[in-house]
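Visitor: Pasting the sequence and the predicted coordinates here, then a few questions.
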Amino acid sequence: MNVFLKLFLLSFSSLLLIACKPEEPEVHTPSSDLLRITVQPTFGSETLFLDSIYQTPEGYDVKFKEIKFYMEDIRNGLNLLKDVALFDYRLRGDTLMQSPGDKDYYEDIQANLGVGPTLNHNDPVGFNPMSWLYISNSNDMHWDWNPGYIFVKIEAKVDTIQDGISLFDHNVIFHVGKDENLKSLSFDNINWVNIGDEHVFSLKLDLLHFLDTGSSSIDLKIEHTSHTSTGQEVLSDKIMTNFKESLTLF
């Protein structure tokens, strides 16, 4: 067989092998997005600022002093975005969490409002020091007298007497935790907005709606304290339910 025929047969065989080779499945390569979830507190249509004066549906003047809450197991199905995040409006502004991730995996998000029972009763000293559940990071969001975390904390000062004299001497203290008060959150059809080198998804927390959801209201004059203690079950559940309903897509 001459040399040219051999070369032709080798080239033809190579082409056959290439043609018969099965196609490789398309692989989705995760991007290196930096994802951030923000929460903007509002009072109705107004941006809410701590220590500013707002008026409740009953006509009381109120100043919010603290708004803090845990969101845990933030994911979409099997894709975990963040194990736990702590919102602290006074110290961290509107940022709930920031984490590397691929926004295409998080068009929907599910999470817990609070800390699930798997983690809720662990020793806060045992967590990674970078975790928001670690003792120095959780700080006053962990009870030492009642092992577990505070899921939602709202503190305020209220003037309940409408006499034209500003006297914010009525304290509101909502510290709600315990496994039975854990709530599930779900946000669908999320629009991640590209801002600089981040993709941002924004929620709003409407504290006016929190006080009056339409189905249940909280009168700060008579419903002003819950440490999730015995006898406070009804108010504790109302706080968590109203808070969940007030946390929506911006």
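Guide: Alright, I've got the coordinates. Numbers count the residues shown, from 1 in each chain.

Visitor: Restricting to C-alpha, output the strand or helix carrying Asn242 in CSV.
Guide: Secondary structure assignment for Asn242, by DSSP states H and E: helix 233-246. What follows is helix 233-246, C-alpha atoms only, in CSV (Å, rounded to 0.1, in the frame of the first residue of the first chain):
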residue,chain,number,x,y,z
GLU,A,233,-47.9,32.9,74.0
VAL,A,234,-50.7,34.7,72.2
LEU,A,235,-48.8,38.0,71.8
SER,A,236,-45.5,36.2,70.9
ASP,A,237,-47.3,34.3,68.1
LYS,A,238,-48.9,37.5,66.9
ILE,A,239,-45.5,39.3,66.8
MET,A,240,-44.0,36.6,64.7
THR,A,241,-47.0,36.2,62.4
ASN,A,242,-47.3,40.0,61.8
PHE,A,243,-43.5,40.3,61.3
LYS,A,244,-43.5,37.6,58.7
GLU,A,245,-46.4,39.2,56.9
SER,A,246,-44.7,42.6,57.0
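
Visitor: That one - contacts with which helices or strands?
Guide: In this structure, helix 233-246 makes packing contacts with strand 109-113, strand 148-159, strand 170-177, strand 183-187, strand 198-206, helix 207-211, strand 225-226, judged by 3 or more Cβ pairs under 8 Å, 6 or more residues apart in numbering; DSSP states H and E. C-beta: built from backbone N, CA, C; applies to glycine.

Visitor: Output those in JSON lines; the columns should cover distance to Asp237, mean pLDDT and mean neighbour count.
Guide: Compiled in JSON lines, these are given as follows (distance: least, Cβ to Cβ, whole Å; pLDDT from 0 to 100; neighbours: other Cβ atoms under 10 Å):
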{"stretch": "strand 109-113", "distance to Asp237": "12", "mean pLDDT": "98", "mean neighbour count": "20"}
{"stretch": "strand 148-159", "distance to Asp237": "12", "mean pLDDT": "98", "mean neighbour count": "22"}
{"stretch": "strand 170-177", "distance to Asp237": "9", "mean pLDDT": "98", "mean neighbour count": "21"}
{"stretch": "strand 183-187", "distance to Asp237": "10", "mean pLDDT": "98", "mean neighbour count": "15"}
{"stretch": "strand 198-206", "distance to Asp237": "18", "mean pLDDT": "97", "mean neighbour count": "19"}
{"stretch": "helix 207-211", "distance to Asp237": "14", "mean pLDDT": "98", "mean neighbour count": "21"}
{"stretch": "strand 225-226", "distance to Asp237": "10", "mean pLDDT": "98", "mean neighbour count": "18"}
